[in-house]
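After the sequence you'll find the predicted model.
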Amino acid sequence: MSIKVTKRSKDYSRWYTDVVQKAELADYGPVKGTMVIRPYGYAIWENIRNIADRMFKETGHVNAYFPLLIPESFMKKEAEHVEGFAPECAVVTHGGGKKLDEPLYIRPTSETIIWSMYKKWINSYRDLPLLINQWANVVRWEMRTRLFLRTTEFLWQEGHTAHSSYEEAEAEARKMIEIYRQIAEDYMAMPVYVGKKTDAEKFAGAVYTYTIEAMMGDKKALQSGTSHNLGQNFAKAFDVTFLSRENKQEYVYATSWGISTRLVGGVIMTHGDDKGLILPPQIAPYHLVIVPIWRTAEQKKQLMEEVAKITHQFNKEDVRYIIDDNEQTSPGWKFNQWEMKGVPLRMEIGPKDLENNQVVLVRRDTGEKQFIPTENLFSVITGLLEEIQNSLFQRALEFRDRNTHEVDNYADFKKIIESGGFVKAFWAGDGQMEAMIQEQTGATIRCIPFKQDQQGTCFYTGKPSGTIAIFAKSY
RNA sequence: CGGGGCAUAGCGCAGCCCGGUUAGCGCGCCUGCUUUGGGAGCAGGAAGUCGCAGGUUCAAAUCCUGCUGCCCCGACCA
């Protein structure tokens, strides 16, 4: 096995695949496009999941679980939805050794089965809002798959809410995309543009789709979370009505929103370098790896006693640490290995340090090495973790902004897209023009950012416009 | 679904053109000793239906046909 990963500059996709495998995040499953999420990769996902779950609950949502198998007839009820999803669905045709009367779809998303249940549960405005989330796996038969970014089966969270007014549903959809922004920026240190999708890019069956879009290390965009205002589309398809305060039957208003294991891919490609993964402390399985360095068994014993004393002052929740006292591998090996795995901080402690009552701390993000007196280690470490978290975000933000270019004509647009990066430009075109641009350049409108406060001229049509759009090639 | 590549020990590869000893190499793995502050050294050892199925031949990892899987690049997608 080659020990190092392919350099990012040499082949970005190979670099990505190498990191995923060498950092032991995931491995290929036996069925095409499937992925085994290994313990270390799963631990990252669990951290993201716990953060999200807490935020959902803080905003009044509750968890539930709906079945994996969906009757074919359900899938066909919402016209746009069928059209969008049917081609990428896995369908079960046999069960118990017999052909089924009605084929069963393995959920590509759960709107249909959930709304079939909401029909039973919602009678009056008093039953609303209904704010349910589920953590689940879904299957989409993708043509081209990549570990974490696009796999046939993936883990995600899907929120499905029901409301008594359009305004309330709209507010919910916006609230959730804001929560996604916080997860991405405040926890994953991954800066995102927040905005609305164009009709071409929106979810099949949605009125509006909101999105967070991040820039990866190769300057391509990653759609990292979406929130949909579904209007009354699914309520109509599944005939879900409620009796309003005014005693009138009305269709229920809906939202749905999701983030997935794709985020793990996002964090890899936002922060990683040629040594491997770099994890923001907030989602890192371990904040700190402690590598004792000894020559003799006696030294090891002393060091381990000192390490026990040091870690005793750590609060496990504030400093998640792991002690690597494996005797089979050398310190050098350990350094490289844990750098591959992106642990934010490394502590080295050897006989020399023992004498001087100090340890060596090394930052993964900058490689900076410093000697720290053993007393007050805890506060130094928590301080450094915070600093790493912030500086990773700043670094990613600067990278994104440096590679986001404003253009006012199509010729410049093409140049930017070709050389890589986001284009930020005034836009007054329509769906056909959007499709034409995609055909000619490969770029799509990633989103129309919420923040709009300027007037200008559309780079494509030359018409006056008050709308800035973000264009990029995407994953 | 189109284009390209690959399939030989756990991993990465050589051998294939030009068929012919017992199929090699590196890493990893096992045992022992020495080591340990940036991917340790020596000695010994285990491990392979050469992706699958046919065919050609006295003889196939090697030639022919078919199939399957995976990776990469493009059209669709979280």
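Yep, that arrived. Numbering: from 1, shown residues only, chains lettered A, B, ... in the order given.

Run a quick neighbour tally on the residue in the stretch 201-350 of chain A positioned nearest to RNA strand B.
With C-beta to the nearest atom of the strand as the measure, residue A:350 is the residue of the stretch 201-350 of chain A nearest to RNA strand B, at 2.1 Å. For glycine as for every other residue, the C-beta is placed from the backbone atoms N, C-alpha and C. Neighbour count of residue A:350, defined by other C-beta atoms under 10 Å: 17.

how about it, what does it touch?
A:292, A:293, A:294, A:303 (C-beta atoms under 8 Å, 6 or more residues apart in numbering).

Close to RNA strand B: what parts of the stretch 351-475 of chain A are there?
A:351, A:352, A:353, A:354, A:360, A:362, A:367, A:369, A:438, A:442, A:474, A:475 (C-beta under 7 Å from any atom of the strand).

thinking again about what came up before, ranking the contacts of residue A:350 by neighbours, who comes first?
Of the contacts of residue A:350, with other C-beta under 10 Å as the count, residue A:292 tops at 24 neighbours.

residues contacting that one?
Here residue A:292 is in contact with A:300, A:303, A:304, A:307, A:323, A:325, A:349, A:350 (C-beta under 8 Å, 6+ apart).

And the pLDDT at the most centrally placed residue in chain A?
Nearest to the mean C-alpha position of chain A, by C-alpha atoms, centre = their mean, lies residue A:263 at 2.1 Å. The model reports residue A:263 with a pLDDT of 95.

Confirm for me that it is in contact with residue A:47.
No: contact criterion C-beta atoms under 8 Å: residue A:263 and residue A:47 do not qualify, at 10.5 Å.

returning to that earlier point: just the contacts of residue A:292: which are in strands?
Applying DSSP state E to the contacts of residue A:292, the entries found in strands are A:323, A:349.

Of the contacts of residue A:292, just say which sits nearest to residue A:99.
residue A:323 (56.8 Å; C-beta to C-beta).

quick one: contacts for residue A:455?
Here residue A:455 is in contact with A:464, A:465, A:466 (criterion: C-beta under 8 Å, 6+ apart).

still on that earlier bit, quick one: which of the residues of the stretch 351-475 of chain A next to RNA strand B is nearest to residue A:95?
residue A:475 (35.6 Å).

neighbours of the residue nearest to the closest one when sequence neighbours are not counted, just the number please.
Leaving aside its sequence neighbours, residue A:475 sits nearest to residue A:222 (C-beta to C-beta, 6 or more residues apart in numbering; 5.0 Å). Counted with other C-beta under 10 Å, residues neighbouring residue A:222 total 23.

so what's residue A:222 up against?
So residue A:222 contacts A:149, A:213, A:214, A:215, A:216, A:262, A:265, A:266, A:269, A:474, A:475 (C-beta under 8 Å, 6+ apart).

one more time with 10 Å, if that's ok
A:149, A:190, A:192, A:212-216, A:262-263, A:265-266, A:269-270, A:446, A:472, A:474-475 (C-beta atoms under 10 Å, 6 or more residues apart in numbering).

how about the strands in the stretch 101-250 of chain A?
A:130-139, A:153-163, A:192-196, A:208-215, A:221-231, A:241-243, A:249-251 (DSSP state E, counting those that start in this stretch).

tell me which residues of the first one are tucked away?
For strand A:130-139, the buried set under the neighbour-count rule, 16 or more other C-beta atoms under 10 Å, comprises A:130, A:131, A:132, A:133, A:134, A:136, A:138, A:139.

pLDDT added to the residues you listed, as TSV?
Shown next, in TSV, are those (pLDDT from 0 to 100):
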residue	pLDDT
A:130	98
A:131	98
A:132	98
A:133	98
A:134	97
A:136	96
A:138	93
A:139	90
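
Let me know the closest of these to residue A:318.
residue A:133 (27.9 Å).

So that closest one sits against residue A:158, correct?
Yes: applying C-beta atoms under 10 Å as the test, residue A:133 and residue A:158 come out as touching, 7.1 Å apart.
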